[in-house]
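**Q** need a structure here:
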Amino acid sequence: MCKRLTYRQLQQQSDNRRIYQQTMPWNAQDGLSLLKKKSLTEDAFFYWQNENDSVEMIGIGATLLLQSEAEEERFHEIESSVSLLRQRAEDDFLLFGSFTFDAAHEPSPEWDAYENALFIVPTYCIRRDGDVWSKTITVYCEPEEKDELLNQRVEQWEQLQREKEENATFVTYTKLEERQVEQYRESIPQMTSLIREGKAHKVVLARSLRLQFEQHPQIASLMEQLNEQQKNSYRFAFHIDDSTFIGATPERLIKVNHRQANSESIAGSIRRGNTAEEDKKLGESLLADEKNREEHHYVVEMIEPIFQELCETYTMPDRPQLLKMRDIQHLHTPIQGEMKDDVTILQFIERLHPTPALGGVPTKVSLEYIRQFERQDRGLYAAPIGWFDTEGNGEFAVAIRSALLKDNAAYLYAGGGIVADSNVEHEYQETWNKFSPMLRIFGGARENDE
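**A** Next up is the predicted model:
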C-alpha cells in the first residue's frame, strides 16, 4: 500500500510527478464480483452504490492516500491537498473516503486504521452510470514514466481478471456482546435530567455490539446481502489495512451535481408494521408524535441556515414526509439549492456534520455530553462517508446502519435522540430496531425486530 500523505508532505514533494489517467469502457454485469478476487482485496478498496442504484463504484488499490490528523482543520487540509494535486493532474480525478465522527476523541484500538480524514485516489476505479460501465486507471509518476506505468497497470488488471473468484461464504457470529449496556441505560435518565435543567435540547446517545466469528466474513457476500435487503439505502464498504467499514444508510448528508446541492433531514423514527394496515398506522403515529416532530425540527433548523449561506437559492417543503426502509420508517424533509460559485462540497460537509440527528442541539454541548456518557470511540459511525471529484461533484452519506470488521469481529453501532421525556426502555428497544439491518446479514436479526 502506498504511503499516507498529509498536506504538508505533499507541499514538500520536490519532484515532477503528475496524475495521469486512462479511461475505457468495461463490460460487466456485476461489479461486486471484483471483491471476490482475493488479491484485489488485499490492498485498499472501496465500494459505493447510491440510494436509487443509478451509480455504482468500486475502487481497487490506492495510487494516492491522503490523510489529516488535524481536528478543526481536517476538512481544509483535505481540500488543500486535493487543490495541490489538481495542479499536478492531466485530468480530473475522483477520491473516496471518510471523516471520523469526532476528531477530538481519543481513538480506540478497533478504529486505528482510520485517521480523522482519510481519502484514496484509487488505482482502478470501476464505475456504473445507469447501465454503462467504465474503467479508469490512475497513476502518479514522472512524465517519462507515464506510458510504461500505465501499460504495467493494464497488464496487472488483465492478470487479476483471470484470477478465480472465491466462493461466497455466509458466516454467522458465535458470540454477541452488548458493550457497556448498563452504562448506556444509566446515562439516559442522567441526560434527560440535564436537558430538563436547560443544559441542552437534545443529545444523541449511541451504544455498540461486538460480534465474534470463527472466521472473517467475506465482504462481497455481505455487500450482496445489503444490496438485496436494503434497497433505497446508500451501500458502502471502505477497506484499509486490516479493517473494513460497511453499511447501508438511508441518510444522505450532501450531494452535489453540476452546482446543485441536495441534502435532507432524517430524524424521528418508528419500526415498520407487520401488515400494511399496521405500517400505515405506525407511520401516521410517527407524523403526529410530538417528540419525533421536535427531534426532526432540530435538524431542519440546523440545515436551512447553511443552505441560506452557501447557496444562491434553495427550496424545501413545509412539513416532513415518511421515508420507509425495510426495518424502520423515518420523518424526512429534503432540501436543495444552487451553490454559490466559490463553495465546495467539503465546505458543506464541514458545516453540516454532525447534524442534530446524530449529535444533538446545541452541537458543541452535545458532543461534550456524548464524550462524557458514551465513553466509546464512534470512529466512522454516524460520520460522513462518500466520494467527490475535482470537477466539484460528489455525494456523501451519514454512516449509520453500519459495522466495522476487524480480525474475526464486527462492531455495530446504533443510537437515538434523547430529549426531556425520553424513556429508557423505548430508547433501548429503538437501538435494537436500528441494529437489525446489520445484524441480519450476520445471521442474527431478532425475531421481534423483523
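
**Q** going forward, measure contacts and count neighbours with C-alpha atoms only.
**A** Will do.

**Q** and residue 239, helix, strand or coil?
**A** Secondary structure assignment for residue 239 (DSSP: H, G, I helix; E, B strand; the rest coil): strand.

**Q** In contact with it, which residues are there?
**A** Residue 239 makes contact with 43-46, 245, according to CA atoms under 8 Å, 6 or more residues apart in numbering.

**Q** Can you show me the helices along the stretch 201-350 of the chain?
**A** Assigned by DSSP state H, counting those that start in this stretch, the stretch 201-350 of the chain shows helices spanning 219-229, 276-288, 290-310, 345-352.

**Q** rewinding a little: okay, and which of the contacts of residue 239 map to strands?
**A** Assignment to strands by DSSP state E places the following of those there: 45-46, 245.

**Q** Please tell me how far the spatially most distant residue from the centre of the chain sits from residue 20.
**A** In the chain, residue 144 marks the outermost C-alpha relative to the chain mean, sitting 38.1 Å out by CA atoms, centre = their mean. Using CA to CA, to the nearest Å, residue 144 is found at 11 Å from residue 20.

**Q** for residue 149, same thing?
**A** 10 Å.

**Q** list residues touching both of the two?
**A** Common neighbours of residue 149 and residue 20 (CA under 8 Å, 6+ apart) are residue 139.

**Q** More neighbours: these two, which one.
**A** Neighbour tally, residue 149 and residue 20, criterion other CA atoms under 10 Å: the higher count belongs to residue 20, 22 against 17.

**Q** who are the neighbours in contact with the more buried one?
**A** Counted by CA under 8 Å, 6+ apart, residue 20 has contacts 89-91, 138-141, 146.

**Q** just the residues you listed now: which is nearest residue 66?
**A** residue 140 (13.2 Å; CA to CA).

**Q** Chain neighbours aside, what residue packs nearest to that closest one?
**A** Spatial nearest neighbour of residue 140, excluding adjacent residues (CA to CA, 6 or more residues apart in numbering): residue 19 at 4.5 Å.

**Q** do you know how far that neighbour is from residue 141?
**A** Using CA to CA, residue 19 is found at 7 Å from residue 141.

**Q** who has more neighbours, the two?
**A** residue 19 (23 against 18).

**Q** In the helix or strand harbouring the more buried one, which residues are buried?
**A** Per DSSP states H and E, residue 19 falls inside strand 18-25. By 16 or more other CA atoms under 10 Å, the buried positions in strand 18-25 come out as 18-21.

**Q** check contacts around the residue nearest to residue 346 when sequence neighbours are not counted.
**A** Of all residues not flanking residue 346 in the chain, residue 75 sits nearest, at 6.4 Å (CA to CA, 6+ apart). Neighbour list for residue 75: 117, 346-347, 350 [criterion: CA under 8 Å, 6+ apart].

**Q** For these, which entry has the maximal number of neighbours?
**A** Counting by other CA under 10 Å, top hit in those: residue 117 with 24 neighbours.

**Q** Tell me how far the residue nearest to it when sequence neighbours are not counted lies from residue 110.
**A** Counting by CA to CA, 6+ apart, residue 99 is the residue found nearest to residue 117 once chain neighbours are left out, at 4.4 Å. To residue 110, residue 99 is 16 Å away according to CA to CA.

**Q** Who has more neighbours out of these two?
**A** Using other CA under 10 Å, the more surrounded residue of residue 99 and residue 110 is residue 99, with 27 against 18.

**Q** The more buried one contacts residue 385, doesn't it?
**A** Yes: if you go by CA atoms under 8 Å, residue 99 and residue 385 touch, sitting 6.7 Å apart.

**Q** pLDDT score for residue 447?
**A** For residue 447, the pLDDT comes out at 43.

**Q** er, residue 1 actually
**A** The model reports residue 1 with a pLDDT of 62.

**Q** Then residue 267?
**A** Looking at residue 267, its pLDDT stands at 84.

**Q** Just give the nearest non-adjacent residue to it, would you?
**A** Take residue 267 and drop its neighbours on the chain: the residue closest to it by CA to CA, 6+ apart is residue 296, 4.7 Å away.

**Q** got the contact list for the one you found?
**A** 265-268, 331, 357 are the contacts of residue 296 under CA under 8 Å, 6+ apart.

**Q** rewinding a little: please tabulate the buried residues of strand 18-25 in CSV and include pLDDT and distance to residue 175 as additional columns.
**A** Formatted as CSV, the buried residues of strand 18-25 follow (pLDDT from 0 to 100; distance: CA to CA, whole Å):
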residue, pLDDT, distance to residue 175
18, 95, 49
19, 97, 46
20, 97, 47
21, 97, 46
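
**Q** Which of those residues sits closest to residue 279?
**A** Nearest to residue 279 out of the buried residues of strand 18-25 is residue 21 (CA to CA; 49.7 Å).

**Q** Counting neighbours, what do you get for the closest residue to that closest one other than its chain neighbours?
**A** In this structure, residue 21 finds its nearest non-sequential neighbour in residue 138, 4.5 Å apart by CA to CA, 6+ apart. Look at residue 138: counted by other CA under 10 Å, it has 26 neighbours.

**Q** Report the separation between residue 138 and residue 98.
**A** Here the distance between residue 138 and residue 98 works out to 20 Å (CA to CA).

**Q** For residue 359, which non-adjacent residue is closest in space?
**A** Per CA to CA, 6+ apart, closest to residue 359 is residue 204, 5.3 Å.

**Q** quick one: the one you found and residue 384, what's the gap?
**A** Counting by CA to CA, the gap from residue 204 to residue 384 is 16 Å.

**Q** Mind checking what secondary structure residue 188 has?
**A** Under three-state DSSP, residue 188 comes out as helix.

**Q** what about it, how many neighbours?
**A** Neighbour tally, residue 188, other CA under 10 Å: 24.

**Q** Test my guess that it contacts residue 424.
**A** Yes: judged on CA under 8 Å, residue 188 makes contact with residue 424 at a distance of 6.2 Å.
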